[in-house]
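S.K.: mind looking at a prediction? Sequence and model below.
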Amino acid sequence: MKNKTTDIVIIGGGVIGTSIAYELSKNPTLSIKLIDIKKEGNATQASAGGLWAIGESVGLGCGVIFFKTLSKRKQETTNGVLETQRPHQLPPFFFDFCLKSNDLFPNLWRELKEIGGVDFKLEKTGLKFVMYDDDDKAYAENIYNSIPHLQNQMKWMDSIQLKEDEPFINKNAIGALTFLNDDQVNPYLLMNAFRDAAKVQGVEIINDEVKDIEVNNGKVVAVHTTNNRISCNTVINAAGSWAAEISSMVNVSLPITPVKGQILLSEKMPKILKSCLSTSDCYIAQKDNGEILIGSTTENKAYDTSSSYAELQGLASGAIKAIPILKHMNCKRTWAGLRPGTPDEVPILGPVEGIDGYLNACGHFRTGILTSAITARIINDLVHLRKPEIDINPFLLNRFKDKMKNEPELV
Ligand SMILES: Cc1cc2nc3c(=O)[nH]c(=O)nc-3n(C[C@H](O)[C@H](O)[C@H](O)COP(=O)(O)OP(=O)(O)OC[C@H]3O[C@@H](n4cnc5c(N)ncnc54)[C@H](O)[C@@H]3O)c2cc1C
């Protein structure tokens, strides 16, 4: 009798789940199901689509949060001296993770377009950190000097070069540090491109909600959805901000919490930006269809996805300061999404001791669009019992072991 067990069930059909489905579907002997129900605030549909490998690793991607919560970038120290508070850099292994992923995108763009027919609009825009004052300049110099091996991917622009490149920039801007390979995509289309290519290669996509995972003698044996029981050998948790709910089904605690990000989108405008811009107030990205996306806040508001005037006004004024002509823009839409946050801002990938057949692929916080490509390759290697191309240790859940023992509120 034919064995009806599915080899792999992927839970979550955002950019992470679909990228894994696509990568695994290259092995035609595997039977794969992806189960997804779109929850309010899912991160992929809320994202800006930046592939800001260096920008995100040095903390620029959503720097606005850090600045705003610290009242205009200034924080009082214990001795009363005002000093600038800037977002922190992530460790060197995280740079490698992001850079390797970024390098995969040009081929991925060709492959996915050919297999599934979806063009996810890879745009070679670069990302400029725009400087208004000496404080910004010192910050940019610090970034530049702290990563000497990446200086060939960065370029300084003085105010004249910046104005030549970006004629609509604030005339008081004193220059920019450009990250030459930090590009952008359309995040919806990236997710659809992975999904459709995976479908073409045999992955079954199921629109349903996972309610439970059945474990027998420490081994995953089935996934229960609202409508079905699906027996399987391996389950991959790619449920974004809901990953902890899924892991609790196998009695595993994940320190993943939703981190709210708000965005403002303009109506279509003529092409006025050459690059994506990051400033100390916001980031600004003109998408391929002319719409201008202005992001984003970082708020600890649990699963709240409301749009709030004060935060959106802050983003809009930051954008108008950078590109004064934006004061004439019409606003098309605002929204909020939930980044799957971890305490150290690094994803949680790979197996968990004691649960055979369970893999984490979650906690991608603010870089899941960028790092979807490398995540899929790592998980594919783990499924095939191969050593991943990057060291998996810093991404394993057990890095929090001591912390979780000492601080049970994290889990
Ligand atoms: C405002 C904002 C801007 C961002 N900008 C960028 C950017 O410029 N560049 C970048 O790289 N990243 C960016 N990010 C981060 C990026 O969007 C996320 O890291 C990424 O989308 C995470 O993908 P995911 O697949 O893990 O999660 P999600 O996209 O949230 O997908 C998880 C899926 O699982 C589903 N699910 C949950 N529970 C269940 C269940 N029980 N059963 C079935 N399905 C379930 C959810 O509904 C959802 O569809 C941004 C995020 C936000 C919010």
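M.R.: Received it, and whenever you're ready, just let me know what you need.

S.K.: give the buried residues for the lengthiest helix in the chain.
M.R.: Under DSSP state H, the helix in the chain containing the largest number of residues is helix 92-116. By neighbour count on 16 or more other CB atoms under 10 Å, the buried set for helix 92-116 is 94-95, 97-102, 104-105, 108-109, 112, 115-116. (Glycine included, C-beta is placed from N, CA and C.)

S.K.: tell me which strands the next helix or strand after that helix pairs with, and in which orientation.
M.R.: Per DSSP states H and E, the first helix or strand lying C-terminal to helix 92-116 is strand 127-131. Looking at strand 127-131 with DSSP bridges, its partner strands are strand 175-179 (antiparallel), strand 276-278 (parallel).

S.K.: export strand 127-131 as CSV, just CAs?
M.R.: Only the C-alpha atoms of strand 127-131 are listed here, as CSV (Å, rounded to 0.1, in the frame of the first residue of the first chain):
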residue,chain,number,x,y,z
LEU,A,127,21.2,52.8,0.0
LYS,A,128,22.4,56.2,1.0
PHE,A,129,22.8,57.3,4.6
VAL,A,130,22.1,61.0,4.4
MET,A,131,24.1,63.2,6.8
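
S.K.: starting at the chain centroid, how far to that strand?
M.R.: Remark: strand 127-131 is offset 20 Å from the chain centroid, using CA atoms, centre = their mean, to the nearest Å.

S.K.: which other residues reach that strand?
M.R.: The contact list for strand 127-131 (CB atoms under 8 Å, 6 or more residues apart in numbering) reads 50, 52, 54-55, 60, 136-137, 140, 143, 157, 162, 165-166, 169-170, 173-179, 182-183, 275-279, 322.

S.K.: just the buried ones from these?
M.R.: Among the contacts of strand 127-131, those classed as buried by 16+ other CB under 10 Å are 50, 52, 54-55, 60, 136, 140, 143, 157, 162, 165-166, 169-170, 173-179, 182-183, 275-279, 322.

S.K.: looking at the stretch 301-411 of the chain, what residue ends up closest to the ligand?
M.R.: Closest approach between the stretch 301-411 of the chain and the ligand, counting by CB to the nearest ligand atom: Gly368, at 2.3 Å.

S.K.: so, low pLDDT: which residues of the stretch 201-350 of the chain?
M.R.: The stretch 201-350 of the chain contains no residues with pLDDT under 70.

S.K.: show me what from it comes close to the ligand.
M.R.: Within the stretch 201-350 of the chain, the positions near the ligand by CB under 6 Å from any ligand atom are 209-210, 238-242, 261, 263, 295-296, 337, 339-340.

S.K.: all helices for the stretch 301-411 of the chain, in order.
M.R.: 309-322, 368-383, 401-406 (DSSP state H, counting those that start in this stretch).

S.K.: among those, which is nearest Phe120?
M.R.: helix 368-383 (9.8 Å; CB to CB).

S.K.: quick one: the closest one to helix 92-116, angle?
M.R.: 90 degrees (axes from the mean of the first three to the mean of the last three CA atoms, to 10 degrees).

S.K.: counting by contacts, list what helix 368-383 packs against.
M.R.: helix 15-24, strand 50-51, helix 92-116, helix 187-200, strand 348-351, strand 358-362 (3 or more CB pairs under 8 Å, 6 or more residues apart in numbering; DSSP states H and E).

S.K.: recalculate using a threshold of 6 Å.
M.R.: helix 15-24, helix 92-116 (3 or more CB pairs under 6 Å, 6 or more residues apart in numbering; DSSP states H and E).

S.K.: please save the CA atoms from it in PDB.
M.R.: Presented in PDB, the C-alpha positions along helix 368-383 are these (Å, rounded to 0.1, in the frame of the first residue of the first chain):
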ATOM      1  CA  GLY A 368      13.600  38.400   6.700                       C
ATOM      2  CA  ILE A 369      13.200  39.700   3.200                       C
ATOM      3  CA  LEU A 370      16.900  40.000   2.700                       C
ATOM      4  CA  THR A 371      17.800  36.800   4.600                       C
ATOM      5  CA  SER A 372      15.100  34.500   3.200                       C
ATOM      6  CA  ALA A 373      17.400  33.300   0.400                       C
ATOM      7  CA  ILE A 374      20.200  32.100   2.800                       C
ATOM      8  CA  THR A 375      17.700  30.800   5.400                       C
ATOM      9  CA  ALA A 376      16.200  28.500   2.800                       C
ATOM     10  CA  ARG A 377      19.600  27.100   1.800                       C
ATOM     11  CA  ILE A 378      20.500  26.500   5.500                       C
ATOM     12  CA  ILE A 379      17.200  24.700   6.200                       C
ATOM     13  CA  ASN A 380      17.500  22.700   3.000                       C
ATOM     14  CA  ASP A 381      21.000  21.500   4.100                       C
ATOM     15  CA  LEU A 382      19.700  20.600   7.600                       C
ATOM     16  CA  VAL A 383      16.800  18.600   6.100                       C
END
